[in-house]
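**Q** Build me a structure from this.
(one chain, ligands or ions: 1)
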Amino acid sequence: MSSGFLCFCPNAVIKAAQYVRPKNTFSCKHYTCKNRNSWFYGNELYIKRRKVVEQQRTTSHVSKLPFRQTWKAVSAQHTEDGECSVLIIGSGVTGSTAAFQLAESGIDVLVAEKNEQVGGNIISRKEQGFIWEEGPNTFQPTPDILVMIEKLGLVDKLVLADAKLPRYVFYQDKLHKIPSSPFEACQFSLLSTRGKLRAFLGAIGFAPMNLKKKEETVRDFVTRHLGEEVYERLVDPFISGVYAGDPSKLSMKAAFKRVQALEEKGVTQSLIEGAIIRMFETKNSKGKKETKGSLKVPRGSLGSFKDGLQMYPQSVQSKLSNKVKTGWKLIRLEKSGNGSSHQSCEDYFAVFQIPNGITKVIRTKALIFTSPAYITASLLRPFIPNASDLLEQIYYPCVVSVSLAYPSSSFRFPLSGFGHLIPRSTKIRTLGTIWSSSLFPYRVPEGYHLLSSYIGGAQDTDIASLSEDQVVKQVDSDIRKILLRQDAALPKVLGVRHWNKAIPQYELGHLSRMETIQSQVSETLPGVFLGGNYVSGISFGDCVSFGMQLADQASYYIKENTELLSSTVV
Ligand SMILES: Cc1cc2nc3c(=O)[nH]c(=O)nc-3n(C[C@H](O)[C@H](O)[C@H](O)COP(=O)(O)OP(=O)(O)OC[C@H]3O[C@@H](n4cnc5c(N)ncnc54)[C@H](O)[C@@H]3O)c2cc1C
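**A** Sure thing, here's the model as predicted:
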């Protein structure tokens, strides 16, 4: 069976002539090979070599067998349908970023995505004049994202929401605007005078200290520093909106490292002291820092792309063309050393199920797993059973995203803002709603508003058992309490998506768990790198930055080992 990514280049033949490789395959190990479209394809040597490879295929029958038999054959012979230097599992934002960076640095990379579409959590839809998101809605444009946008040629597709759009918290039957300046904070109606005073005193250092330096939950950290009221009315809804999480379980150090680090900067553990010290540090280091790219955007703005966030992975896919395989589900992994041998540079054999019940085997030197923790656990269990148990412990609650459109006339006031969050103590079930058409007005037909709501999460696990209709009814009735007139028409239901395992929760112990997992992976599986939002942080920006780091690590590994290999051979 022919394969689109076996590498046939002159380097391969020169190498093959120099030594007989142990598995007697002639595929090129030259990771910078760019000769696929060269004169070589018409050359006699190429034709001869092609015949040898095809003969191998015919005699092995591997790719024509059903999976069980295929796997036996793979184990016995390690015959592959193709190979690459780095294989990336998953085409979400992490995998797409890593793939583009690797390809750009000349590494022979292949992305395998089990779904028919690229993007993972990112699902942008366009119908009947509406554009909406069923996963993430926006990103904060970090320097790394802006660099990637330039590299991918997406600058003219970038859309930015007005940074000044206010955010609200719905509490005691009222929308309260979140202050955007210290002056506004004094007039902040969400907190009582007592609550504000407690928060102010705590922030300047009159708060109990964490003398034993024990790992704290978000709830413990916030109530200790800023008081119960700030926690209940401000931080709890924020955590629901970002993590769909339970602040009394999330680890402050793992989930909000930068904020937690503030208390360690000064002598009083005061957050304000820490913030001032950080401000000076940043100022001093600004001169030394390299500017990352030329694209600049207003501070505080929120970004997306003209047709939605999915344009990001789609643009990587179109740049890498046949190096991105959709409908390819990794079902098994084996390594040449078999079992747990500690070799410095392994050959891995990845077995994929692809459409029509066909299986494919890809040989690779390095793998980047960006699949969710529980999937990665099942794939790596034969090699690292203990680390797989730990990966499986990472909890992903169910969240449902609901996109509803209402006529503009249904609203009690002109809709202008980012959206609203709802504290759990209010007993309103929806976690929060993004006023999508206020962020990006061109995404709706004239006369409509589009609202994207999220419901469920770690504090409302029963949501998983509700039907689509029940969820829509619940969200619609919550929106009516907050934004709509009594006589508002029923909504146009654009999209309802159950994310059964939505967002990884960085619970207490997450960092030490990850440390153990990473050390077992690097000891037992050289060349295997773990990525994805349970490692990097959950935001789009975290995933982009970590995708870049993964590409650097994998590229370094490949280059090191290629040099090692050629110096051993020559
Ligand atoms: C509902 C929701 C709303 C969110 N809102 C925001 C937001 O507004 N802003 C923000 O910054 N962040 C948001 N996030 C978080 C952010 O979207 C994610 O953290 C990020 O998209 C994760 O990207 P990833 O590449 O790490 O993982 P994923 O997107 O999960 O990608 C992993 C990929 O691996 C593939 N895969 C899994 N198993 C296999 C296999 N065996 N073989 C081959 N492929 C496999 C999957 O199909 C998937 O495509 C939201 C998340 C959710 C769920």
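
**Q** Would you map the strands across the stretch 301-450 of the chain?
**A** Taking DSSP state E, counting those that start in this stretch, the strands of the stretch 301-450 of the chain run over residues 302-305, 324-326, 329-335, 348-354, 358-369, 399-407, 419-421, 430-434, 448-456.

**Q** Pipe these into JSON lines and attach mean neighbour count, mean pLDDT and distance to the ligand per row.
**A** No exception for glycine: its C-beta is placed from N, CA and C like everyone else's. Output for the strands of the stretch 301-450 of the chain, formatted as JSON lines (neighbours: other CB atoms under 10 Å; pLDDT from 0 to 100; distance: least, CB to the nearest ligand atom, whole Å):
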{"stretch": "strand 302-305", "mean neighbour count": "22", "mean pLDDT": "97", "distance to the ligand": "9"}
{"stretch": "strand 324-326", "mean neighbour count": "20", "mean pLDDT": "98", "distance to the ligand": "9"}
{"stretch": "strand 329-335", "mean neighbour count": "20", "mean pLDDT": "96", "distance to the ligand": "4"}
{"stretch": "strand 348-354", "mean neighbour count": "21", "mean pLDDT": "96", "distance to the ligand": "7"}
{"stretch": "strand 358-369", "mean neighbour count": "24", "mean pLDDT": "96", "distance to the ligand": "8"}
{"stretch": "strand 399-407", "mean neighbour count": "23", "mean pLDDT": "98", "distance to the ligand": "5"}
{"stretch": "strand 419-421", "mean neighbour count": "24", "mean pLDDT": "97", "distance to the ligand": "10"}
{"stretch": "strand 430-434", "mean neighbour count": "25", "mean pLDDT": "98", "distance to the ligand": "8"}
{"stretch": "strand 448-456", "mean neighbour count": "24", "mean pLDDT": "98", "distance to the ligand": "6"}
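
**Q** tell me which residues in the helix ranked longest in the chain are buried?
**A** Across the chain, the longest stretch assigned as helix under DSSP state H is helix 540-569. By neighbour count with 16 or more other CB atoms under 10 Å, helix 540-569 contains the buried residues 540-551, 553-555, 557-559, 561-562.

**Q** cool, and stretch 251-260?
**A** Ser251, Met252, Lys253, Ala254, Ala255, Phe256, Val259, Gln260.

**Q** Likewise for stretch 104-113?
**A** Ser105, Ile107, Asp108, Val109, Leu110, Val111, Ala112, Glu113.

**Q** Keep only those of those residues that are also close to the ligand.
**A** On the criterion CB under 6 Å from any ligand atom, Ala112, Glu113 are the entries of the buried residues of stretch 104-113 that sit beside the ligand.

**Q** Around the ligand, which positions in the stretch 401-550 of the chain sit nearby?
**A** Checking the stretch 401-550 of the chain against the ligand by CB under 6 Å from any ligand atom, the hits are Ser401, Trp499, Ala502, Ile503, Gly532, Asn533, Ile538, Ser539, Phe540, Cys543.

**Q** Between all of the residues you listed, which two are at the greatest distance?
**A** Ser401 and Gly532 (19.5 Å; CB to CB).

**Q** Arg125 should be in a strand, yeah?
**A** Yes: looking at Arg125 with DSSP: H, G, I helix; E, B strand; the rest coil, it is inside a strand.

**Q** burial count for it?
**A** Per other CB atoms under 10 Å, the neighbour tally for Arg125 reads 16.

**Q** The one 4 residues further on now?
**A** The number of residues packed near Gly129 is 11, by other CB under 10 Å.

**Q** From Gly495, how far off is it?
**A** Per CB to CB, to the nearest Å, Gly129 is found 14 Å from Gly495.

**Q** swap in Arg424?
**A** Using CB to CB, we find Arg424 at a distance of 25 Å from Gly495.

**Q** now Gly90
**A** 22 Å.

**Q** Touching, Lys196 and Leu190? I think so.
**A** No: the pair Lys196 / Leu190 is not scored as a contact, 9.6 Å apart, by CB atoms under 8 Å.

**Q** How is Gly241 classified with respect to secondary structure?
**A** What three-state DSSP gives for Gly241 is helix.

**Q** The stretch 101-250 of the chain against the ligand: which residues are in contact?
**A** Ala112, Glu113, Lys114, Asn115, Gly120, Asn121, Ile122, Gly135, Pro136, Asn137, Thr138, Phe139.

**Q** Isn't the third one up against Lys325?
**A** Which is Lys114. No: in this structure, Lys114 is not within contact of Lys325 by CB under 8 Å, at 9.8 Å.

**Q** Count the neighbours of Met279 for me.
**A** Residues near Met279, counting by other CB under 10 Å: 10.

**Q** Ignore what I typed, I meant Ile277.
**A** Ile277, neighbours per other CB under 10 Å, totals 13.

**Q** Same check on Gly308?
**A** Neighbour tally, Gly308, other CB under 10 Å: 26.

**Q** Read off the pLDDT value for the residue lying closest to it once chain neighbours are set aside.
**A** Excluding the flanking residues, the one nearest Gly308 by CB to CB, 6 or more residues apart in numbering is Ser124, at 2.5 Å. For Ser124, the model assigns a pLDDT of 98.

**Q** which residues touch Ser124?
**A** Residues near Ser124 by CB atoms under 8 Å, 6 or more residues apart in numbering: Ile131, Trp132, Glu133, Glu134, Asp307, Gly308, Leu309, Gln310, Met311.

**Q** And the fourth one, its phi and psi?
**A** For Glu134, the backbone dihedrals are phi -110, psi -10 (criterion: degrees, to the nearest 10).

**Q** Then the first one?
**A** The main-chain torsion angles of Ile131 are listed as degrees, to the nearest 10 and equal phi -120, psi 130.

**Q** does it really touch Pro445, like I thought?
**A** No: with contacts counted by CB under 8 Å, Ile131 stays clear of Pro445, the gap being 10.6 Å.

**Q** So if I had to pick from these two, which one is more boxed in?
**A** Ile131 (21 against 11).

**Q** beta partners for the more buried one?
**A** For Ile131, the beta-bridge partners are Lys126 (DSSP bridges).

**Q** if I look at it, how far off is the ligand?
**A** 15 Å (CB to the nearest ligand atom, to the nearest Å).

**Q** How about Gly106?
**A** Counting by CB to the nearest ligand atom, the gap from Gly106 to the ligand is 23 Å.

**Q** now that residue, what's its secondary structure?
**A** Relying on three-state DSSP, one would call Gly106 coil.

**Q** And it, how far from Ser85?
**A** For Gly106, the distance to Ser85 - CB to CB - is 10 Å.

**Q** and what of Ala163?
**A** In this structure, Ala163 and Ser85 are 42 Å apart, going by CB to CB.

**Q** Who has more neighbours out of these two?
**A** Ser85 (28 against 13).

**Q** so what pLDDT did the more buried one get?
**A** Reading off the model, Ser85 has pLDDT 96.

**Q** Surely it is in contact with Asp108?
**A** Yes: between Ser85 and Asp108 there is a contact under CB under 8 Å: 4.4 Å.

**Q** The nearest residue in space to Phe256 that is not next to it in sequence: neighbour count?
**A** Distances taken as CB to CB, 6+ apart place Val218 nearest to Phe256, at 6.8 Å, with adjacent residues excluded. Residues lying near Val218 (other CB under 10 Å) number 29.

**Q** ok, Val218 touching Leu250?
**A** Yes: Val218 lies in contact with Leu250 (CB under 8 Å); the separation is 4.7 Å.

**Q** Alright, I will stop here.
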